[in-house]
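J.: what's the 3D shape of this:
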Amino acid sequence: METVEREVYVDARPEVIWTAVTQPETFARWYAFGGAELDLRPGGRVVLRWDEHGEFRGFVEKLEPGRRFAYRYAVDPGVDPTPANSNLVEFTLTPEGEGTRLLVVESGFENADDEDVAQSTRAWGNALTALSELAPTL
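T.: Numbering: from 1, shown residues only. Model prediction:
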């Protein structure tokens, strides 16, 4: 498997979910629990932190305000991303009824072992559950 895909319906308007996936303070409440830096422009710096895992560096790859946000990050902590050591994470938001359909696709697992893919699958599942619970309160 080269990609991990997770999709969830969130009971919050797209602009709320956009804030949740692009604003460092909110992003840290459901995913990068140790803090996040997100410079929202193509090529802008991304830093994601977890106390138990370390600091992961990356950069914004795509930005379509309100619809799509993608970043590339180094899969090992404390190093800058290169084509050989990085994954791409892409969030796509689609309005649906009174809420939002959020698709997360992480790619770059061509050289990863099955446990790395399984860990990422679990992590995104847990994160999207946390986001679904947080979003109605934002």
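J.: List the buried residues of the lengthiest helix in the chain.
T.: In the chain, with assignment by DSSP state H, the single longest helix is helix 114-134. Buried residues in helix 114-134, counting neighbours by 16 or more other C-beta atoms under 10 Å, are found at Val117, Ser120, Ala123, Trp124, Ala127, Leu128, Leu131, Ser132, Leu134. Any C-beta I mention is one placed from the backbone N, CA and C, and that applies to glycine too.
J.: what sits up against it?
T.: Contact partners of helix 114-134, identified using C-beta atoms under 8 Å, 6 or more residues apart in numbering, comprise 1, 4, 6, 8-11, 17, 20, 26, 29-31, 75, 102, 104, 106, 109.
J.: Just the buried ones from these?
T.: The neighbour-count test (16+ other C-beta under 10 Å) applied to the contacts of helix 114-134 identifies 4, 6, 8, 10, 17, 20, 26, 29-31, 75, 102, 104, 106, 109 as buried.
J.: Could you tell me how many residues sit around Ala135?
T.: Look at Ala135: counted by other C-beta atoms under 10 Å, it has 22 neighbours.
J.: likewise Ala36?
T.: Counted with other C-beta under 10 Å, residues neighbouring Ala36 total 20.
J.: and the helix or strand where it lies, average pLDDT?
T.: Per DSSP states H and E: Ala36 is located in strand 35-38. Mean pLDDT, strand 35-38: 96.
J.: Enumerate the positions of that strand that are buried.
T.: For strand 35-38, by 16+ other C-beta under 10 Å, it's Ala36, Glu37, Leu38.
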